[in-house]
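**Student:** show me how the following folds:
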Amino acid sequence: MRFRRHWVVGLGLALVLVFACISWLQVRQFLHFSASVSGSRIQELRRAATLANEFERFERALERSVYLPNAASREALQLRYDIFVNQFMVFANGRNQPEATDHPLYRRTLETVNAFIASFDHYLGANPDREVTPGALQEMLTLSETTMREPIHDYMLYANQRTTLLIDEQRNEVSDHLIFTLGLTIFQSLLTVAFAMGVVQLMRQREQSRHALVRAEARLVEHLRNQERRLEQSVAERTAELEAANRSLELLSATDGLTGIANRRHFDKLLLQEWNRQARLRQPLALAMLDVDWFKQYNDRYGHQAGDDCLRLVAGIVGGYVRRAGDVAARYGGEEFAFIAPGLDAAEMLHLAETIRAVVEHRGIPHSLSPVGHVTLSIGVAVLVPDARTSPELLLRQADEALYRAKSQGRNQVVTAAAAEYLV
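**Tutor:** Numbers count the residues shown, from 1 in each chain. Now for the predicted structure:
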């Protein structure tokens, strides 16, 4: 009888130990999971996304300073530069994982942005020692487009992938933990049955405790599943936001913010594509460069808001006539526009350019400082059949030279390129 009591007490102690082990494992896993989903990797993704957003805002402010230089754009540029530098400091000082700080994308981002800040703190830093010139702004824009955009965006995508891997790892850990907990529960049930064979009353009490434990485990499992679902939903929403942001960035990178037509960078890309396509087809490619006559005087006389309205009106007229498949109209810089028309010969392109010039002139936009009293256009036209002797740069140069002659011969006219051997 004495041995039987010791046996029952031993079973009771074993049950207590198993229960304590299960509870400790559940609490430990819950705390580990909660710390992981809100830990440094999630913060890393947020810092990377914020850095990318601030970079895009700084780049837009830089483009406005290059193409619309004035005090407001310069003040906005300085503000965006300070915010971008501060966010980069947060990004650079926020990493606390050795395996992450050694990653090539992270080092590349740090080196690229540090080099950029070191170069242009002379112009926009806390203690600038150089004057901000149009050339410096253009150099800054070129450097940001060619060297900074790619590493920043690549690192943001890398941080997103790391966070996704973290979620997958946590899901596997939860699954393994549930299996292990189930094994312990089964063992506990066996001990409960053996304990019940000794003392019926203790069996009933133990049975009630077991049911209570099962319910607690079910609630904890359900809680973990709910947290997992919420985390998956949060990641899906963040992914959708990033995709929408990427689409918006792609659209902004191809469109001029003032006129709504293509910007110069997108125009140069499409020009090269059309050049290669016309080379394969052995068909001519026509290009026109046009400039709003006496536009600086127009701005001085009527103000920048009226100047912006004038540019939008000209862009609308050009875009309204340059609308065939393959045609591209773009704001090339300041008051200068350009458009390409694949397949048109010199006579057809001359007719199209003359039509646009005449429409703008007949619109009769008042310009008291112009010799003719209203806004007019000067247009240079060039047409080439792409081959081994020619290049897109030659086509642009011929159109620009023709535009120069149109302006030097009195403006408000269309002039074709002088290189007759290349004209169609």
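
**Student:** state the three-state secondary structure for Tyr332.
**Tutor:** strand (DSSP: H, G, I helix; E, B strand; the rest coil).

**Student:** and the helices in the stretch 251-400 of the chain, which stretches?
**Tutor:** 264-281, 295-302, 304-321, 346-363, 392-408 (DSSP state H, counting those that start in this stretch).

**Student:** can you list the residues that contact the first one?
**Tutor:** For helix 264-281, the external contacting residues (C-beta atoms under 8 Å, 6 or more residues apart in numbering) are 145, 253-255, 262, 284-285, 287, 326, 328, 330-333, 338, 340, 342-343, 385-387, 391-392, 395-396. All C-beta spots, glycine's among them, are computed from the backbone N, C-alpha and C.

**Student:** restricted to buried residues, select those in ChimeraX.
**Tutor:** To isolate the buried ones among the contacts of helix 264-281 in ChimeraX, judged by 16 or more other C-beta atoms under 10 Å, type:
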select :253,254,255,262,284,285,287,328,330,331,332,338,340,342,343,385,386,392,395,396
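
**Student:** taking the contacts of helix 264-281 one by one, which sit in strands?
**Tutor:** Leu285, Leu287, Val328, Ala330, Arg331, Tyr332, Gly333, Ala338, Ile340, Pro342 (DSSP state E).

**Student:** report the two of those separated the most.
**Tutor:** By the measure C-beta to C-beta, Gly333 and Pro342 form the most distant pair in those, at 22.6 Å.

**Student:** what's around Leu124, how many residues?
**Tutor:** 23 (other C-beta atoms under 10 Å).

**Student:** just use 17 as the starting number from now, easier for me
**Tutor:** From this message on, residue numbering opens at 17, which makes the last subject Leu140.

**Student:** for it, list the residues it contacts.
**Tutor:** Contacts of Leu140 (C-beta under 8 Å, 6+ apart): Leu93, Gln94, Tyr97, Asp98, Val148.

**Student:** adding neighbour count and pLDDT, write these out as TSV.
**Tutor:** Listed next are those as TSV, based on neighbours: other C-beta atoms under 10 Å; pLDDT from 0 to 100:
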residue	neighbour count	pLDDT
Leu93	24	80
Gln94	16	83
Tyr97	21	82
Asp98	14	85
Val148	18	77
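
**Student:** farthest pair within those?
**Tutor:** Most distant of the contacts of Leu140, by C-beta to C-beta, are Asp98 and Val148, 14.1 Å apart.

**Student:** got the domain ranges for the chain?
**Tutor:** 18-270, 280-438 (automatic domain parsing).

**Student:** so where is the stretch 167-316 of the chain shaky, pLDDT-wise?
**Tutor:** 190, 193, 200, 204, 207, 209-218, 261-269 (pLDDT under 70).

**Student:** at 90 instead, please
**Tutor:** For the stretch 167-316 of the chain, the stretches with pLDDT under 90 are 167-270, 272-273.

**Student:** I'd like to know which elements the helix or strand harbouring Ser81 is packed against.
**Tutor:** Using DSSP states H and E, the element containing Ser81 is helix 56-83. The contact analysis (3 or more C-beta pairs under 8 Å, 6 or more residues apart in numbering; DSSP states H and E) places helix 56-83 against helix 87-109, helix 150-159, helix 165-214, helix 216-270.

**Student:** same thing but 6 Å
**Tutor:** helix 87-109, helix 150-159, helix 165-214 (3 or more C-beta pairs under 6 Å, 6 or more residues apart in numbering; DSSP states H and E).

**Student:** now the angle from the second one to helix 56-83?
**Tutor:** Yep, that's helix 150-159 we're talking about. On the basis of axes from the mean of the first three to the mean of the last three C-alpha atoms, to 10 degrees, helix 150-159 is oriented at 140 degrees to helix 56-83.

**Student:** orientation of helix 150-159 relative to helix 280-297 in degrees?
**Tutor:** 60 degrees.

**Student:** the longest one too?
**Tutor:** Using the same axes, to 10 degrees, one finds that helix 165-214 and helix 280-297 are set 100 degrees apart in direction.

**Student:** just how off-centre is helix 165-214 within its chain?
**Tutor:** Put simply, helix 165-214 sits 34 Å off its chain's centre (C-alpha atoms, centre = their mean, to the nearest Å).

**Student:** now the shortest one
**Tutor:** In terms of C-alpha atoms, centre = their mean, the gap separating the centre of helix 150-159 from the centre of its chain is 21 Å.

**Student:** any idea of the angle that helix forms with helix 87-109?
**Tutor:** Using the same axes, to 10 degrees, helix 150-159 lies at 40 degrees relative to helix 87-109.

**Student:** what comes up buried for helix 150-159?
**Tutor:** Ala152, Leu153, Met156, Leu157, Leu159.

**Student:** which outside residues touch that helix?
**Tutor:** When contacts are defined by C-beta atoms under 6 Å, 6 or more residues apart in numbering, helix 150-159 is touched by residues Leu78, Ser81, Val82, Phe136, Tyr139.

**Student:** name the element Ile133 belongs to?
**Tutor:** Here Ile133 is assigned to helix 120-140, by DSSP H and E.

**Student:** list the buried ones in that helix?
**Tutor:** 121-122, 124-126, 128-129, 132-133, 136-137, 139-140.

**Student:** try stretch 239-252
**Tutor:** Leu240, Gln243, Glu244, Leu247, Val251.

**Student:** distance of the last one relative to Asn176?
**Tutor:** Using C-beta to C-beta, to the nearest Å, Val251 is found at 9 Å from Asn176.

**Student:** again with Cys326
**Tutor:** For Cys326 relative to Asn176 (C-beta to C-beta), the value is 43 Å.

**Student:** Tyr97 now?
**Tutor:** Taking C-beta to C-beta, one finds Tyr97 at 26 Å from Asn176.

**Student:** again with Ile277
**Tutor:** 33 Å.

**Student:** those two - which one has more neighbours?
**Tutor:** Neighbour count, other C-beta under 10 Å: between Ile277 and Asn176, Ile277 has more, with 22 against 18.

**Student:** contacting residues for the more buried one?
**Tutor:** Residues counted as contacts of Ile277 (C-beta under 6 Å, 6+ apart) are Ala331, Gly335, Ala345, Ala346, Arg347.
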